[in-house]
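[1] the sequence and its predicted three-dimensional model are supplied below.
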Amino acid sequence: MLSGALLAFLHPDAPSSLSQRTLTFAERVTYQRAIEDVYWRHRIWPKDCPDPKPSLDAVMTQAQLEEKVHDYLRKSQALEDYWQRPINAEQLQAEMDRMAKHTKQPEVLRELFKALGDDPFVIAECLARPLLAERLVTDWNAFDERIHGDLRKRAEGELQAHPTVEQMRFTSGTYSETEFVMSDSTKVNRGAGHAIELNSRNWNKTIQTLAETFGIRRQDAVQQFQALPMGTLSPIREDETRYYAIAVIERTDDRIKLATVAWPKQSLESWLVRAGNIAERCLHPSYNIRRGGMHR
């Protein structure tokens, strides 16, 4: 039932007028309120709370609804303007199919569809687009050298100027130490303090990740562990949120202590604020989105 209602969005027999439809900013805000109303009805109110559950209007203002719409519109526009990857109809269809197939609360999803008039176009634009835009813009932003490249150069330069473990603290990065203990080892000292205890499976995964960080290519976890260099900085690495380097500073058969220096990347929200021209265009009342692209 869920997926069947959504197939019309890309059905070859769908009326051609569908591709010409638009939603104004005000319409999107109205639909956003309908979505939030469904979520609020299903929100469990604490039994020990003396006051009755308030209405949605008491906990969410019009300005907050408008900000939610503004947020997914500016992220959609960022994908088109900055990465030249506008969200298209096929992507929206795939996102709706994913929601229908993998939802753990089908009854809530049915209510959401009903609140949006069981209209595939509105469901795509007001329910699927926000989720898809958030996921895609987060992925594209995280590893974009145009956004984070200067930070990487700074981190690399500081590591070259401070190449030893003892000098890691002298960089502008955030220094931290983390200790891991294999918890199902009979040799573990239970006075491990703040050490993170890992079972053998997670211990081996952690060692494998460390080995990859240092460029160690071994199949056996024991060999990987033994090959980890002591007191040597790893090459600079990155993940979604930071650039970092690691060093092993203590090691026994069932315990390893790491020093890490990390430079946090600019957050997505911070970057979007700086790209303010995108946000301003999306807030304009005449700014609409048609199926497969944005138009004014």
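    Received, thanks. Numbers count the residues shown, from 1 in each chain.

[2] and the strands in the stretch 151-296 of the chain?
    With strands called from DSSP state E, counting those that start in this stretch, the stretch 151-296 of the chain shows them at 174-182, 196-198, 237-238, 242-252, 255-264, 288-290, 293-295.

[3] do the stretch 1-150 of the chain as well
    22-23.

[4] so where's it shaky on pLDDT?
    Regions of the stretch 1-150 of the chain meeting the criterion pLDDT under 70 cover residues 1-19.

[5] residue contacts, residue 28?
    Listed by C-beta atoms under 8 Å, 6 or more residues apart in numbering, the contact set of residue 28 reads 69, 73, 125-126. The way it works is simple: take the backbone N, C-alpha and C, and place the C-beta from them, glycine included.

[6] if I look at it, how far off is residue 55?
    Remark: distance between residue 28 and residue 55 (C-beta to C-beta, to the nearest Å) = 22 Å.

[7] excluding its backbone neighbours, what's nearest residue 112?
    residue 38 (5.2 Å; C-beta to C-beta, 6 or more residues apart in numbering).

[8] contacts only, for residue 177.
    Contacts of residue 177 by C-beta under 8 Å, 6+ apart are 249, 257-260.

[9] one more time with 10 Å, if that's ok
    194, 247, 249-250, 257-260 (C-beta atoms under 10 Å, 6 or more residues apart in numbering).

[10] kindly report the same for residue 95.
    Neighbours of residue 95 in contact, by C-beta under 10 Å, 6+ apart: 6, 87, 124, 127-133, 135-136.

[11] next: residue 42.
    Here residue 42 is in contact with 105, 107-108, 111 (C-beta under 10 Å, 6+ apart).

[12] what does residue 148 give?
    Taking C-beta under 10 Å, 6+ apart, one finds 141-142, 155, 238, 242-243, 263, 265-266, 271 in contact with residue 148.

[13] only the buried residues of the longest helix anywhere in the chain, if you could.
    As assigned by DSSP state H, the longest helix anywhere in the chain is helix 62-81. Neighbour counts over helix 62-81 (16 or more other C-beta atoms under 10 Å) mark 65-66, 68-79, 81 as buried.

[14] can you check stretch 173-180 too?
    173, 179-180.

[15] picking up where we left off before, okay if I get the strands of the stretch 151-296 of the chain as TSV plus distance to residue 95 and mean pLDDT?
    Formatted as TSV, the strands of the stretch 151-296 of the chain follow (distance: least, C-beta to C-beta, whole Å; pLDDT from 0 to 100):
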stretch	distance to residue 95	mean pLDDT
strand 174-182	36	95
strand 196-198	36	93
strand 237-238	27	95
strand 242-252	28	95
strand 255-264	29	96
strand 288-290	15	52
strand 293-295	16	49
